[in-house]
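K.L.:
Predicted model, plus sequence, below.
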Amino acid sequence: MEELRIPLWTRVVADPAFRDALIGDPLRALAGAGDVAASTEQIEQLEGMDADERGEFVRGVVREVHMRGGQARFGGIGPDGRLGRS
């Protein structure tokens, strides 16, 4: 039976502890997770950033995913900044 591998960004969004670990030390987080699928390019990109840059980048991905999900469920962002108020 083939091992189930979870895409990197799916795990980042769904698991705050993994997200924090990835920001702190990407290679250690990936080695500890075991079931996460990450490309060489993703790993090199994360490793090429310092912890502050990585944190901003990773949290930005999470914000974007949550915003798109909210917009899909509730509609666009209105002039007052609230979802569903277009």
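P.N.:
Everything's here; your move. Numbers count the residues shown, from 1 in each chain.
K.L.:
For the rest of this, base every contact and every neighbour count on C-alpha atoms.
P.N.:
Fine.
K.L.:
buried residues in the helix or strand bottoming out on mean pLDDT in the chain?
P.N.:
In the chain, the helix or strand scored least confidently by mean pLDDT, DSSP states H and E is helix 51-74, which has a mean of 86. Residues of helix 51-74 classed as buried: Ala51, Arg54, Gly55, Val58, Arg59, Val62 (neighbour count, 16 or more other CA atoms under 10 Å).
K.L.:
And Thr40, how far from Arg28?
P.N.:
15 Å (CA to CA, to the nearest Å).
K.L.:
quick one, which of those two is more surrounded?
P.N.:
Arg28 (11 against 8; other CA atoms under 10 Å).
K.L.:
any weak-confidence spans in this structure?
P.N.:
Applying pLDDT under 70 to the chain flags residues 1-2, 71, 83, 85-86.
K.L.:
ok, now with 90
P.N.:
Applying pLDDT under 90 to the chain flags residues 1-5, 34, 63-86.
K.L.:
who are the neighbours in contact with Leu8?
P.N.:
Leu8 makes contacts with Val36, Ala37, Ala38, as judged by CA atoms under 8 Å, 6 or more residues apart in numbering.
K.L.:
Which members of the residues you listed are classed as buried?
P.N.:
Neighbour-count burial (16+ other CA under 10 Å) applied to the contacts of Leu8 gives Val36, Ala37.
K.L.:
and of the contacts of Leu8, the nearest to Pro7?
P.N.:
Ala37 (4.9 Å; CA to CA).
K.L.:
Could you check stretch 15-27 and say which residues are buried?
P.N.:
Here stretch 15-27 shows Phe18, Arg19, Asp20, Ala21, Leu22, Ile23, Gly24, Pro26, Leu27 as buried, counting by 16+ other CA under 10 Å.
K.L.:
For Glu47, grab the count of nearby residues.
P.N.:
Counted with other CA under 10 Å, Glu47 comes out at 16.
K.L.:
about what we covered before: hmm, who's touching the least confident helix or strand of the chain?
P.N.:
Trp9, Val12, Val13, Arg19, Ile23, Gly24, Asp25, Leu46, Ile77, Leu83, Gly84.
K.L.:
Just the ones of these in helices?
P.N.:
Among these, DSSP state H puts Trp9, Val12, Val13, Arg19, Ile23, Gly24, Leu46 in helices.
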